[in-house]
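> When you get a sec, could you give me coordinates for this:
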Amino acid sequence: MNVKGSFAIWWKPLPLWLKLATVLIAYPAWALIVYCIVSGTAKGALSLWAVGAFGLVVLLHIMFDSRNRKKGIEHLGGLELHGGDD
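Numbers count the residues shown, from 1 in each chain. The predicted model follows:
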């Protein structure tokens, strides 16, 4: 199974701004959620904000994945900043 190729097929057609949101918002939010769970502050305001930020990026991923499945991903290069709905 070619995991790297499978990941590239999924990641490549996403818009650049969504890739940046994933790296700059979702990954740190996930790490913060894990930290809050381990430290015992899972019900604090900070952890709830992290869950909200992570959930927002996940919803955007679901929306764009649905778009890519409907349109096909061959024509999308992932560099469009406006969402690629031409």
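
> Give me the outermost residue of this protein relative to its centroid.
Here the chain reaches farthest from its C-alpha mean at residue 40, the gap being 25.9 Å by CA atoms, centre = their mean.

> Got the phi and psi for that one?
phi 90, psi 10 (degrees, to the nearest 10).

> Report the rounded mean pLDDT for the strand or helix carrying residue 19.
Residue 19 belongs to helix 16-21 when elements are defined using DSSP states H and E. Taken as a whole, helix 16-21 has an average pLDDT of 92.

> what stretches of the chain score poorly on pLDDT?
Within the chain, the stretches with pLDDT under 70 are 1-7, 72-86.

> Kindly list the longest helix within it.
Using DSSP state H to define each element, the chain has its longest helix at helix 45-71.

> other SSEs contacting that helix?
The contact analysis (3 or more CB pairs under 8 Å, 6 or more residues apart in numbering; DSSP states H and E) places helix 45-71 against helix 16-21, helix 27-39. Every C-beta, even on glycine, is put in place using the N, C-alpha and C of the backbone.

> residue closest to the middle of the chain?
Nearest residue to the geometric centre of the chain (CA atoms, centre = their mean): residue 22, 4.2 Å.

> Not counting its neighbours along the chain, what's nearest it?
Distance criterion CB to CB, 6 or more residues apart in numbering; nearest residue to residue 22, sequence neighbours excluded, is residue 57 at 5.9 Å.
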